[in-house]
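Q: Return a 3D structure for these sequence lines:
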Amino acid sequence: MKKIKSVCVYCASSSKINPRYFEAARETGRLLAQNGMRCVCGAGNQGLMGTLADSVLENGGEVLGVIPRFMIDEGWCHKGLTETIVTADMHERKERMAQESEQRKNDLVVYLAHDLKTPLTSVIAYLSMLDEKPDMPPEERKKYIHIAHTKAIRLSELISEFFEITKFNLQNIRLEKETINLSLMLEQIMDEFYAVFADNNLTGNIYTEEDLMVEGDPDKLARVFDNLLRNAVAYSYRGTNIDVRAYGEGVAVVIVFSNQGEPIPKQKLQTVFEKFYRADNSRSSQTGGAGLGLSVAKEIVELHEGTIEAFSDIQSTRFVVRLKRLLPKGQRQSGGVI
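A: Numbers count the residues shown, from 1 in each chain. Coordinates of the predicted model:
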């Protein structure tokens, strides 16, 4: 079943309404926020509309408001929304609200075309050059073949990434769980990234407690850690460290991925998990993905009943994953909160 990302809610801005409706608006806002659904509404600051928006925001959710100019002039616009779109009139407002609730579907096509075009254009250009100059010096020919090959690999990676997000977004994913030694898995993945770190003048370090055990799907969890490391590589300053720390904390295993790069603005720390998010300061044309890796990671972690959060300051950017820990026999397994 497809996961709903945005819900458009039409409701009154009048305050002269049965109190039961206000309670329903608050509950609706709470449910939208807790289920990660963006609320699209009319941006009013009064009545049910204002109550709904306040509830979504108070529970950590996002609200996109669409409001005509004359309502702003009257002072009816909610000033604390995540994003506000101003329209010319009520008719445009209603159309825009419906469009925004479905916008993510259209974004996939736009980003697919944009991200595939760049490496594909390069491959065609270099191959055309080789075809047009059969007498090209061997060293020069070798150079262009290498560049075309690198761009072709990048193209393949992007296609795989889009396929991955489509699979996770459109299918009801089944986990094939087994007991996993997370300590060994992380060490193995870090070893596999040795060449990637070296190519980008980075140093990878891992610090993990021994025998941290979880129950999960090893392939999908490996995908999470792979995506987080690739993201760290893409956004790290050259000559810095990428650190992975794993430790037990009550009934949870905590895995922290840390890198040194340009800080993520506080207001965007939740946005990074949305599909197609990509910071401007990524070396995106070369190493940055289509902005899908973190979204895939979040979906997989949540399928495992875990959590993933982002933190960023001038010292480092950290992604913290919490998974349910398999404790040794005889120790209490339930009763804690991840």
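
Q: Quick one: low-confidence residue ranges for this structure.
A: 1-4, 101-119, 154, 157-158, 160-174, 275-292, 329-338 (pLDDT under 70).

Q: gap between stretch 57-77 and the chain center?
A: Offset of stretch 57-77 from its chain centre (CA atoms, centre = their mean, to the nearest Å): 25 Å.

Q: Can you get me the start-to-end distance on that stretch?
A: 15 Å (CA to CA, to the nearest Å).

Q: Just list the residues touching Ile153, thanks.
A: Counting by CB atoms under 8 Å, 6 or more residues apart in numbering, Ile153 touches no other residue. Every residue, glycine included, has its C-beta placed from N, CA and C.

Q: so it is in which element?
A: helix 138-170 (DSSP states H and E).

Q: Check Gly50 too.
A: Assigned by DSSP H and E, Gly50 falls in helix 47-58.

Q: show me the contacts for Pro263.
A: Pro263 neighbours (CB under 8 Å, 6+ apart): 312-314, 317.

Q: pretty sure it belongs to a helix, no?
A: No. Residue state for Pro263 (DSSP: H, G, I helix; E, B strand; the rest coil) corresponds to coil; a helix is not indicated.

Q: Grab the nearest non-local neighbour of it.
A: Ser312 (4.7 Å; CB to CB, 6 or more residues apart in numbering).

Q: Can you give me the neighbour number for that neighbour?
A: Using other CB atoms under 10 Å, Ser312 has 20 other residues around it.

Q: Show residues contacting the helix holding Gly50.
A: Counting by CB under 8 Å, 6+ apart, 9, 11-15, 17, 21-22, 25-30, 32-33, 39, 41-45, 62-63, 65, 78, 80-82 sit against helix 47-58.

Q: Please type out the ChimeraX selection for whichever of these turn out to be buried.
A: Typed into ChimeraX, the next command selects the buried ones out of the contacts of helix 47-58 (criterion: 16 or more other CB atoms under 10 Å):
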select :9,11,13,22,25,26,28,29,30,32,33,39,41,42,43,44,45,62,63,65,78,81,82
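
Q: and Ala98, that one's in a strand?
A: No. Assigned with three-state DSSP, Ala98 falls outside any strand and is helix.

Q: how about stretch 294-304: buried residues?
A: 294-301, 303-304.

Q: ok, now which ones touch the closest residue to Tyr10 other than its chain neighbours?
A: Spatial nearest neighbour of Tyr10, excluding adjacent residues (CB to CB, 6+ apart): Gly42 at 7.2 Å. Gly42 is in contact with 10-11, 13, 49, 65-67, 93, 97, counting by CB under 8 Å, 6+ apart.

Q: Now do Gly42 against Arg141, distance only.
A: 62 Å (CB to CB, to the nearest Å).

Q: How about Leu212?
A: 50 Å.

Q: Those two: which has the busier surroundings?
A: Set Leu212 next to Arg141 and count neighbours by other CB under 10 Å: Leu212 wins out with 22 against 15.

Q: so that one touches Leu182, yeah?
A: Yes. Using CB atoms under 8 Å, Leu212 makes contact with Leu182 at a distance of 4.5 Å.

Q: Give me the common contacts of the two.
A: 246, 253.

Q: pretty sure Ser128 is in a helix, no?
A: Yes. Assessed with three-state DSSP, Ser128 lies in a helix.

Q: Please work out how many residues are found near it.
A: What Ser128 shows, counting by other CB under 10 Å, is a neighbour count of 11.

Q: okay, the angle between the next helix-or-strand element following the helix holding Gly50 and helix 47-58?
A: Once the chain leaves helix 47-58, the next helix or strand it forms, by DSSP H and E, is strand 63-68. Relative orientation of strand 63-68 versus helix 47-58 (axes from the mean of the first three to the mean of the last three CA atoms, to 10 degrees): 150 degrees.

Q: For the residue nearest to Met97 when sequence neighbours are not counted, give me its contacts.
A: Counting by CB to CB, 6+ apart, Met97 lies nearest to Val66, which is 4.8 Å off, once chain neighbours are set aside. Applying CB under 8 Å, 6+ apart to Val66 gives the contacts 40-43, 84-85, 87, 93, 96-97, 100.

Q: quick one: Ser55 and Gln34, what's the gap?
A: Counting by CB to CB, the gap from Ser55 to Gln34 is 11 Å.
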